[in-house]
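Undergrad: next one to model:
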Amino acid sequence: MKEELSLTTERIDDFVVLLAIMQQMDLPAILDRHIPRHWLQQGLSWGWTATIWLAHIVSQGDHRKLTVRDWVRQAHHTLEQVTGLEIRETDLTDDRLTIVLRYLSDPTRWQAIEQELGQHLVRVYDLEEQPIRVDATTVSGYRNGGEDSLWQFGYSKDDPTLRQIKAMMATLDPLALPLALEVVSGEQADDPLYVPIIDRVLACLDRQGLLFVGDCKMSALATRAHLVAQQQYYLTPLALVGEAAEWLPAWIEAGVKQGEGLIAVLSEDGEQVLAQGYELSRTCVSGALRWQERVLVVRSLAYADTQHRHLEERLAKAQAALLSLTPPVGRGKRQISEEATLQSAAEAVLVKHRVRGLLTYRFERQVEQELKFVGRGRGGANRPQQVCERVRYQITAVERNEEAIAQLVSTLGWRAYATNAPPKRLSLQQAVREYRHEYHIEHGFARLKGAPLSIAPLFVKRDDQVTGLTHLLSVALRVLTLMEFVVRRSLKQQGSTLTGLYKDNPRRATATPTAERLLQAFVPLTLTQVQLPDRTVRHVTPLTPVQQQILRLLGFPADLYAGLAREIPQTAFPLRE
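TA: Predicted coordinates for the structure are as follows:
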């Protein structure tokens, strides 16, 4: 009797690399140390459950729970061989994934996880002591909300008509590695969130003399005082409120007077002037704490050009709006017959476009006389007549006040930054360049919101699951960030580039590949398994040169995939249907 052969094919693609990275991060063990396992619990630990789920999220670009089980089923043998664990059919059900999210939503447990994970990554990957950036972002969704819900209306750059949650994050430069993440309700202001997230970073790194960089919302006196008390440094633009708003015009005037005496900030190649500025010192007081603060008054040339362009656009719109107040006489053209009405309308235009004092207009009173018969009916030789006047006010010219405009242009592009770092630690030039790298953390937010993590929309309902899933996706962000960092650092050390990542241009080389393109390079890869009477034979798609190079850059063995193709004796576990 002829025996039938059993043949199965599994798509393995990039999740083999992802699992190797997460094992290198010691992620399963760290999670297991903080997420308890019941003494009667069978199957995978919670750490490995979360790790395999993360591999699915990044590889498939899908954080829904319902798709994980089918994905694990089709890649079952490969997952078992890579992890060295027996994976049951019920190990990654919706219920078990929900339990993982519930554990990750617990504040105490999550802070302990991110602290140990951060310390481990800084040590293992030998990350340098770089600036730490702190900022917040929002995630919107079609939610009902409620008094105690995370989903609330608040200030949003995405869609103000939707409820939102807010995520406060601190990252380590230059790779924008998340060190701490806090999820709060969407209506909360950013200002009071800085101190708690800073304290969590300090608990993770346990160092003094770190530089924290944030936007103007971090410039609150209480936040700066807290960093000084912790013997840390800060760099932040001063918010244009209170005393800073009062002093800025005088600081700008002093900068304009210095002219060529300002300190020039050059680009990294030294060929272009990015900004000019000067610094002054002042004493800050918060309670019993006093410290010296450097105020860096800087004029960014690019920012000044942008503001100048916007000013010219406002002037042009205001000029057109003023002239349109008094259109020519014609059918359907409403005329202004009172001087006060014209002046009120013109003033409203100037205020709307913020050009008061920059434009002047001239108008004239026009009177049209017409002889009409008194009363109704036809006219006759003996009918009395009267002279009727129609008055209209017409704007005849709108002129630019060039002197005032030039004065305003000279004040554009200025901004005041505050820091307590000494000049040897952070010069004016270094401070400007450092703040210009604020896009690092924004890149992390973009990656969190975009593919493959795609935090919006969140396919969970309860608040604890929303918090837990956001925490989980921040771990996925760490995985992508570290993968990208390791490859770029290896390329820099070798002085080489990577080709073959761009399908539209296979010869294009890059020294700064993104994690998304690196992972896409492993698609498609398959593992084919043939069940013979006496053994199981496996075959893995041979790796291309670019795939082999990526493995070398990551420090992984060349047979990371080929090792999955070894033959298995018949005594092994049978295939599961």
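Undergrad: low-confidence stretches in the stretch 201-350 of the chain?
TA: Within the stretch 201-350 of the chain, no stretch falls below the threshold (pLDDT under 70).
Undergrad: three-state assignment of the nearest residue to L498 once chain neighbours are set aside?
TA: Distances taken as C-beta to C-beta, 6 or more residues apart in numbering put P513 closest to L498, at 5.4 Å, once the chain neighbours are dropped. Bear in mind the C-beta positions are built from the backbone N, C-alpha and C, glycine included. What DSSP: H, G, I helix; E, B strand; the rest coil gives for P513 is coil.
Undergrad: surely P513 and G500 touch.
TA: No. Applying C-beta atoms under 8 Å, one finds P513 not in contact with G500, separated by 10.2 Å.
Undergrad: with neighbour numbers in mind, choose between the two.
TA: Remark: of P513 and G500, P513 carries more neighbours, 22 against 18, as counted by other C-beta atoms under 10 Å.
Undergrad: where's that one relative to Q529, distance?
TA: 32 Å (C-beta to C-beta, to the nearest Å).
Undergrad: what do you get for Q258?
TA: Q258 is 75 Å from Q529, by C-beta to C-beta.
Undergrad: who has more neighbours, those two?
TA: Q529 (19 against 13).
Undergrad: so that one belongs to a strand, correct?
TA: Yes. Under three-state DSSP, Q529 sits within a strand.
Undergrad: just the helices in the stretch 351-500 of the chain please.
TA: Taking DSSP state H, counting those that start in this stretch to define them, one finds helices in the stretch 351-500 of the chain at 402-409, 428-436, 439-449, 463-494.
Undergrad: can you put those helices in JSON lines and add mean pLDDT?
TA: As requested, the helices of the stretch 351-500 of the chain are exported to JSON lines (pLDDT from 0 to 100):
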{"stretch": "helix 402-409", "mean pLDDT": "93"}
{"stretch": "helix 428-436", "mean pLDDT": "93"}
{"stretch": "helix 439-449", "mean pLDDT": "91"}
{"stretch": "helix 463-494", "mean pLDDT": "95"}
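Undergrad: nearest to A416 among those would be which one?
TA: A416 lies closest, by C-beta to C-beta, to one member of the helices of the stretch 351-500 of the chain: helix 428-436, at 11.5 Å.
Undergrad: before we move on, what SS does R143 have?
TA: coil.
Undergrad: list the contacts of the residue nearest to L498.
TA: The contact partners of P513, taken as C-beta atoms under 8 Å, 6 or more residues apart in numbering, are 484, 487-488, 491, 498, 501.
Undergrad: and it, what's its pLDDT?
TA: P513 carries a pLDDT value of 95.
Undergrad: how far away is it from Q74?
TA: For P513 relative to Q74 (C-beta to C-beta), the value is 28 Å.
Undergrad: try Q272
TA: Counting by C-beta to C-beta, the separation of Q272 from Q74 is 53 Å.
Undergrad: higher neighbour count, the two?
TA: The neighbour comparison of Q272 against Q74 (other C-beta under 10 Å) goes to Q74, with 14 against 11.
Undergrad: do you know how far that one is from R365?
TA: Taken as C-beta to C-beta, the span from Q74 to R365 is 84 Å.
Undergrad: now V72
TA: Counting by C-beta to C-beta, the gap from V72 to R365 is 84 Å.
Undergrad: on that earlier part again, need the helices of the stretch 351-500 of the chain in JSON lines with mean neighbour count and distance to R224, can you?
TA: Output for the helices of the stretch 351-500 of the chain, formatted as JSON lines (neighbours: other C-beta atoms under 10 Å; distance: least, C-beta to C-beta, whole Å):
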{"stretch": "helix 402-409", "mean neighbour count": "13", "distance to R224": "31"}
{"stretch": "helix 428-436", "mean neighbour count": "19", "distance to R224": "15"}
{"stretch": "helix 439-449", "mean neighbour count": "18", "distance to R224": "19"}
{"stretch": "helix 463-494", "mean neighbour count": "20", "distance to R224": "27"}
